[in-house]
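[1] would you be able to build a 3D model of this:
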Amino acid sequence: MPYSLGLVSFGGEAAFVSDELIHAIRKQLAKLEIRKPDPVVKHGDIVTIERGPFTGYKAIFDTCLSGTERARVLLSLLQNSSWRSTCR
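    Next comes the predicted model:
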């Protein structure tokens, strides 16, 4: 993984994970059936932000992200400017 060198270390020495352990983890993950539920909204739908610093802003839904209640939306921070009307 890029930029991960030294992310996990003990006494200043990088942690080592054996190839056997990586293989065992991959084997267990392959057994799992991971299925993303169908989102209520679809790519391209207009949504309104309901919580957080952008509450009330309109955005375009892009995709669900890993974790619970996470999504990527496209948000115009210049909603009330003339720029918005020229970029429809």
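[2] quick one, phi psi at the residue lying closest to residue 44 once chain neighbours are set aside?
    Nearest residue to residue 44, sequence neighbours excluded (Cβ to Cβ, 6 or more residues apart in numbering): residue 60, at 6.3 Å. From N, CA and C alone the C-beta is placed, and that goes for glycine too. Here is the backbone geometry of residue 60 (degrees, to the nearest 10): phi -110, psi 120.
[3] which ones are touching residue 60?
    44-47, 73-75 (Cβ atoms under 8 Å, 6 or more residues apart in numbering).
[4] who does residue 72 bridge with?
    residue 63 (DSSP bridges).
[5] how much space separates it from residue 9?
    32 Å (Cβ to Cβ, to the nearest Å).
[6] just the closest of the contacts of residue 60 to residue 53, please.
    residue 75 (10.9 Å; Cβ to Cβ).
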